[in-house]
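*Asks:* 3D, please:
(3 chains)
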Amino acid sequence: MKPAAFTYHRAHDVADAVALLTDLAAAGEDPKVIAGGQSLMPMMNFRLARPTALVDLGPLRRVPSMTAIDVSDGVLTLGALVTHHAVETAALPREWAVLSRAMRWVGHLPIRSRGTVAGSLVHGDATAEWCLLALLLDAVVVAEGPSGRREIPADELFHGFYATAVDPDEVVVEVRFTRPAPHAALCEFARRHGDFAIVDAAVALDLSDSDSTIVTGGRVVLGGVAPAPVRVPEAEDALHGEAGDTLWTAVAEAAAAAIDPPEDEGTTAAYRRRLTRTLVADACREAAR
Amino acid sequence: MTATDLPTEVTASEPHFESRRGRWVGASIPRHEDPRLLTGRGRFVDDIALPGMLHAGFVRATVAHAHVTAIDLTATRAVSGVIAAYDARDLALGDIVALLDRPAEEFTPTAMPILAKDKVRFVGEPLAIVLARDPYAVEDGIEAAVVEHESLAVVVDEESGFAADAPLVHDEAAGNVLLDVSMFDTPGVDEAFEDADVTVEVTTRSGRQNALPLETRGVVASWDARDDQLLVQTCTQVPHQVRTLVARCLDVPERTIRVTVPDMGGGFGQKCVVGREEVAVAAVAHRLHRPVKWIEDRREALTAGFLAREQTYRTRAAFDADGHIAALDVDVVCDMGAYSCYPFTAGIEPLMASAEMPSVYRVPAYRVRGRALTSNKAPTAPYRGVSRPQYVMAIERVMERAARELGLDPVEVRRRNVITEFPYTGVNAVTYDPGTYRESLDLAEKTIRDEGWYELRDAGERHIGIGFCCFSERTGYGSEAFAKRKMTVVPGFDLSEIRMDTTGAVVVTSGTMNHGQSHETTFAQIVADRLGIDVARVKLRQGDTERIAYGWGTFASRSVTIGGSAVALASERLGELLCRIAAHLLETRPENVAMDGDGGVVQLDDPSRRLSYEEIADVAYLRSHLLPKDVEPALTATASFDVPGDGTFSNATHAVVVEADPGTGAIRILRYACVEDCGVVIHPKVVDGQCRGGIAQGIAGALFEEVTYDAHGEPSAASFIDYLVPTATEIPDVSIAHLETPCAFTENGAKGAGEGGTIGAPAAVLNAVNDALRRTGVELDTTPIHPRVVADALEEL
Amino acid sequence: MNDPHLLSLTVNGTEEEVVVEPRRTLADVLRHDLRLTGTHVGCEHGVCGACTVLVDDAPVRACLVFAVQAEGADVRTVESLDAGGQLSDLQQAFSDHHGLQCGFCTPGFLMLAEGVLAESPDADREEIREALSANLCRCTGYQTIVDAVHATACTRRSQEVPS
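*Replies:* Numbers count the residues shown, from 1 in each chain, chains lettered A, B, ... in the order given. Below you'll find the model as predicted:
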């Protein structure tokens, strides 16, 4: 389980990284960006991924904006090299605290210490916590390519089965979360702690005011029920009324009814629906706390 | 030495426990192994680097069943860094053949080539060996190999294997059956079923597992021209069997092969058979006269290493109205995969199950048929427990089912059937030595009852279940017991040699092979007590075929029972020698001296007269002219030990409380209690560790781990993403209570503790889960239990 | 060698220079180039944790880092824990609690535990258990590993000098 050979290129800044990607591709190489490498490297060790060149963003940790966690004007901005663990331990205000709480589901400490937010989003795993959180909190991925920077909203990011809208010659610079969620939670179920979830659910509740028990709307996002993480409008439509188990059950049922989950060895569509019911209700309950 | 010519004060018929507990035996002393392992200074096989060493890897089959029409290694040999590549025709090695002395209608011999030649029989089967300067280039070379094949239909289960038009995995094995033995059909089986008040039928199935030592297999082989010998450093539980087989496959004298074993990162049975890769690496090192290393990677270990456990039991049992079992009728099918393993053969699992199935119960009539199916899956090796987790699961499910049908408490049904008088000779012609079957059951139940778990279970809405498993385990099979299985290679005895040097320090050898069981500590405790010296003065040497004439390694919980007895006997003999020399030097009769328990020999009628071992050793080596006329120089002694008759049985009861989550189907273990009896406990923490580790592996089998194969014979689990080894959050704390029934015919009264945990856990967990589901009408008889199945059952409520 | 790179890093306080192929993992460089074989390799895909080392004080899987990515890094391995053969408090606790059998996973658990205890010195037993679920052990059933790390945490806490 040794990776195939590749050439290695350290990027000195974002422009350098973009130039390297462009030049390598022009030279017929198949370059890929590596940051924390916690998703890429296992695939390379299995030779399931075999880029011929790696552009390492590691040296960009020196660039303050790349590791910055910044809160202002209802927007949370995470530099592209912010690690899961940095988010886990950041003292985030209540409207973003769901991000810190959700990090306990991301692998284990050694993975969280090295893996990055942007890397997880670009990898685009259908159950990855960051992919759900991006949809939940209206993330905007800022990517820089040969023709400059562009912003990719979360709802245009995921193309399904490890495919995202970030192009091979683009480097993610930062991720902005634009929908504060003081009442939000992410719940998931895996057979073994720290594994990729079979199903995960993220919920954000809008309350009529902060002390209120009246739900006026919100978000319901699911992973593991489709090739990419999805918002469930049918469940979100149900998010109106008095907070409590009756409402949560209704939302959970709406979510379970709306999805058409895949079957694979070990799991059935019915089981994923069952998990969806459970996890959406759990997430609602936790979000309301 | 055999058990019949023991020293005079020790006879086989008279237990002599007074010498079995000493200053060291029974104490949880610091392990001798720990300092090096904790500081990163152990030496595992991949830590070995030799000048000029090449790295090896294998081109492996990508299809489960096919005729190989061409292997082209031209591109492989052209890869940068690749030094050589060979296929089966290049190496021309003898096949691995493991035999049973049974008639053709019972057993079909088959051959396992070192490298597949004309046919591949499972995904991952080795076809060629690639040698390169580093492991990265090895994989580049493997990728470049071109294998052409014509696919054949595959056998992936009983249905596809036993079908009338089934493809044949081995042409010589009609019906894909390697073994078909009806070991027992005692009088009265059919009558008992006719007269039964209740008949229960249970079909239990356990999934295919990987024993999964965290260190994968590996070997470094190097030619030593001066020694005229090939040094094979390999992580194996059975160094002498590796030597024997390598010599046979290479067709060289066995003395030209030396097998040594460095530190080993677990084995659990997977390393108690000889791997074809070990032979192939030895062969290329022999051919090239260059050191060659192969380290199995995890993907290989999961898909192409030895697997285990996939078995189906169709069990019928007759009971009377009082819950007494009247007869047992069992059909056992073990899916042994593509090949028969050496030395145990594909018969080991069905034969073990057939011989031992009545378990801890008084079964009056017994019929059994055991079959070994060959299939297009990775071959199997004995894995910690060897069929016992499976047949115990079957009979423990029978007890629970009978209790349900009879409206009795399941513990009570066990209590009415469990063997209580010893020695007990069962319907299976096995004699069980004394144990605490009933006592362990009672104590386990009392523990759970006293802690209030029954009340909690019966109180409310939560889906809580309580499960038990009562079982025994034959440990330390001697050659007589193995011979009953009709193996042509019959393990059993163990040898030991002990030497004391001029400083009074002791080196003792054993044919057993530590791979985590703490032999360096526990064997030193035994020796230190027998000789009355500090345990720090004893060094155990294992895993070097040059140091000991022959040995059977470590498996089947044999090490402390057989190996521990051999080192105890060798120590006794050395002690006698020390006393003889001392008596001569003290000018007194031999009966008038004894070891003083403090590193010396004392004159009994005048304790002021004493010789230290150093003083005796000084004479034995440096002033041998002072020795008695009939004593040869040097302080050495040897001994052998074999367990007579049917051997000894450890026993235990496990009690488990689980909760099923209706929302996810997850099973949480709330309480795990183990009451065990492994005879005299040499080192309590080590025994606890063996129990807990075994239980963790049993829980893994009950709830998590399985390698499945699709219809094409493709394995499902090639990584730890798919093969779910449980972690610290899945394995609960386990309480362990010890009962102690000393074994009367092992030297230390110990019975062996290596496998018990693994045997009891699957049945106990499965029973507990079924109890948690008791309101659903669903009964589960298959492991591992997927949470989906639990959720589906609870959904019906 | 394909695209060789000169790598400089500090390992256990010693500055090291190695010429490596970019695809060479940090685990292989530590074990085979620097001959620090205490760090073990169990899966090469980041699940078992046997290769856990501290990189700039954080526990990481050495099989999921290309050595070239560790340029300039400060790496600590199991070989740094004892003082001339004198076991550290954590190592001693593993021995006292029988937290190791075959010892193959042990270096990874020790380095993980050092990382966890540095990060969360106040962790209780269940928090420690969850953190240790990062690594696999096939021998012990984990209980005694959790005990050893918890005991070390308690001892270190009791020995803290109040500020």
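*Asks:* what residues are up against the closest residue to residue A:285 other than its chain neighbours?
*Replies:* Spatial nearest neighbour of residue A:285, excluding adjacent residues (CB to CB, 6 or more residues apart in numbering or on different chains): residue A:248 at 5.8 Å. For every residue, glycine as well, the C-beta is placed using N, CA and C. Neighbour list for residue A:248: A:280-281, A:284-285 [criterion: CB atoms under 8 Å, 6 or more residues apart in numbering or on different chains].
*Asks:* swap the cut-off to 10 Å and go again
*Replies:* A:203, A:205, A:215, A:238-239, A:277, A:280-285, A:287-288 (CB atoms under 10 Å, 6 or more residues apart in numbering or on different chains).
*Asks:* which segments of the chain make up each domain?
*Replies:* No chain was given, so I picked chain A. Following automatic domain parsing, one finds the domains of chain A at A:7-57, A:68-177, A:184-288.
*Asks:* actually, chain B is the one I wanted.
*Replies:* Looking at automatic domain parsing, the domains of chain B come to B:3-30+B:493-641, B:45-152+B:217-295, B:311-480+B:645-795.
*Asks:* re the thing from before, looking at the domains of chain A, which is closest to residue C:18?
*Replies:* Each of the domains of chain A has some distance to residue C:18 by CB to CB; the shortest is domain A:7-57, at 14.1 Å.
*Asks:* phi, psi for the residue nearest the centre of chain C please.
*Replies:* Chain C has residue C:111 as the residue nearest its centroid, 2.5 Å off, counting by CA atoms, centre = their mean. Dihedral angles of residue C:111 (phi, psi; degrees, to the nearest 10) stand at phi -70, psi -40.
*Asks:* ok, back up a step: right, and the domains of chain B - which one's nearest residue C:51?
*Replies:* Nearest to residue C:51, of the domains of chain B and by CB to CB, is domain B:45-152+B:217-295 at 11.7 Å.
*Asks:* count the residues that sit near the nearest residue to residue B:445 once chain neighbours are set aside.
*Replies:* Spatially, and ignoring its direct neighbours in sequence, residue B:445 is nearest to residue B:411 (5.0 Å; CB to CB, 6+ apart). By other CB atoms under 10 Å in any protein chain shown, 22 other residues sit near residue B:411.
*Asks:* so residue B:411 versus chain C, what's the distance?
*Replies:* 25 Å (CB to the nearest CB, to the nearest Å).
*Asks:* wait, that residue touches residue B:447, no?
*Replies:* No - using CB atoms under 10 Å, residue B:411 makes no contact with residue B:447, being 11.9 Å away.
*Asks:* which secondary structure element is home to residue 70?
*Replies:* In the absence of a named chain, this looks at chain A. Assigned by DSSP states H and E, residue A:70 belongs to strand A:69-72.
*Asks:* wait, I meant chain B there
*Replies:* In this structure, residue B:70 sits in strand B:66-72 according to DSSP H and E.
*Asks:* can you check residue A:274 too?
*Replies:* helix A:269-288.
*Asks:* what about chain C, any weak spots by pLDDT?
*Replies:* Counting by pLDDT under 70, chain C has low-confidence residues at C:1, C:161-163.
*Asks:* how about the strands in it?
*Replies:* Ranges of strands in chain C, per DSSP state E, are C:5-11, C:14-20, C:52-55, C:58-61, C:74-76.
*Asks:* next, the buried residues of the shortest one.
*Replies:* Spelled out, that is strand C:74-76. By 16 or more other CB atoms under 10 Å in any protein chain shown, the buried positions in strand C:74-76 come out as C:75-76.
*Asks:* ok, the second one next?
*Replies:* Residues of strand C:14-20 classed as buried under the neighbour-count rule (16+ other CB under 10 Å) are C:16, C:18, C:20.
*Asks:* need those residues in CSV (columns: distance to chain A).
*Replies:* Shown next, in CSV, are these (distance: CB to the nearest CB, whole Å):
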residue, distance to chain A
C:16, 18
C:18, 14
C:20, 9
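*Asks:* which one of those is nearest to chain B?
*Replies:* Ranked by distance to chain B (CB to the nearest CB), the buried residues of strand C:14-20 are led by residue C:20 at 10.7 Å.
*Asks:* ok, now which ones touch that closest one?
*Replies:* A:8, C:1, C:3-7, C:26, C:28-29, C:33, C:66-68, C:70.
*Asks:* filter those down to the buried ones.
*Replies:* Buried subset of the contacts of residue C:20 (neighbour count, 16+ other CB under 10 Å): A:8, C:1, C:5, C:7, C:26, C:28-29, C:66-68, C:70.
*Asks:* make CSV out of the residues you listed and add distance to chain B.
*Replies:* Shown next, in CSV, are those (distance: CB to the nearest CB, whole Å):
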residue, distance to chain B
A:8, 14
C:1, 9
C:5, 14
C:7, 16
C:26, 14
C:28, 8
C:29, 12
C:66, 12
C:67, 12
C:68, 14
C:70, 18
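*Asks:* okay, among the residues you listed, which ones form the most distant pair?
*Replies:* C:1 and C:70 (17.9 Å).
*Asks:* for chain C, what spans make up the helices?
*Replies:* Along chain C, the stretches classed as helices by DSSP state H are C:26-28, C:89-96, C:106-119, C:125-132, C:143-158.
*Asks:* what element comes up after the helix or strand where residue B:441 lies heading to the C-terminus?
*Replies:* Using DSSP H and E, residue B:441 sits within helix B:437-450. Sequence-wise, the next helix or strand downstream of helix B:437-450 (DSSP H and E) is helix B:453-459.
*Asks:* quick one: distance of that next one to the chain centre.
*Replies:* Centroid separation for helix B:453-459 versus its chain: 37 Å, with CA atoms, centre = their mean, to the nearest Å.
*Asks:* so which elements touch that helix?
*Replies:* If contacts are counted by 3 or more CB pairs under 10 Å, 6 or more residues apart in numbering or on different chains; DSSP states H and E, helix B:453-459 sits against helix B:437-450, strand B:463-475, strand B:648-660, strand B:667-677, helix B:756-772.
*Asks:* rerun that using 6 Å as the cut-off
*Replies:* strand B:463-475 (3 or more CB pairs under 6 Å, 6 or more residues apart in numbering or on different chains; DSSP states H and E).
*Asks:* name the nearest residue to residue B:219, ignoring sequence neighbours.
*Replies:* Nearest non-adjacent residue to residue B:219, counting by CB to CB, 6+ apart: residue B:234, 4.0 Å away.
*Asks:* buried set for the helix or strand containing residue A:140?
*Replies:* Taking DSSP H and E as the definition, residue A:140 sits inside strand A:139-145. Within strand A:139-145, the residues scored as buried using 16+ other CB under 10 Å are A:139-145.
*Asks:* re earlier: following the one helix or strand the residue nearest to residue B:445 maps to, which helix or strand comes up?
*Replies:* Using DSSP H and E, residue B:411 maps to helix B:410-417. Following helix B:410-417 in sequence order, the next helix or strand is strand B:424-425 (DSSP H and E).
*Asks:* determine the set of other helices and strands touching that next one.
*Replies:* On a contact count with 3+ CB pairs under 6 Å, 6+ apart, strand B:424-425 meets no helix or strand.
*Asks:* quick one on the thing from earlier: send over the strand holding residue A:70 as CSV, restricted to the C-alpha atoms.
*Replies:* Once non-C-alpha atoms are left out, strand A:69-72 reads as follows in CSV (Å, rounded to 0.1, in the frame of the first residue of the first chain):
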residue,chain,number,x,y,z
ILE,A,69,-11.1,32.1,12.0
ASP,A,70,-12.9,35.4,11.8
VAL,A,71,-16.4,36.4,12.9
SER,A,72,-17.9,39.7,11.8
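*Asks:* where's the closest residue to residue B:404 other than its chain neighbours relative to residue B:318, distance?
*Replies:* Once flanking residues are discounted, residue B:404 sits nearest to residue B:410: 7.8 Å by CB to CB, 6+ apart. Using CB to CB, to the nearest Å, we find residue B:410 at a distance of 18 Å from residue B:318.
*Asks:* so which of those two has more stuff around it?
*Replies:* The residue with more neighbours, out of residue B:410 and residue B:318, is residue B:318; 26 against 23, by other CB under 10 Å.
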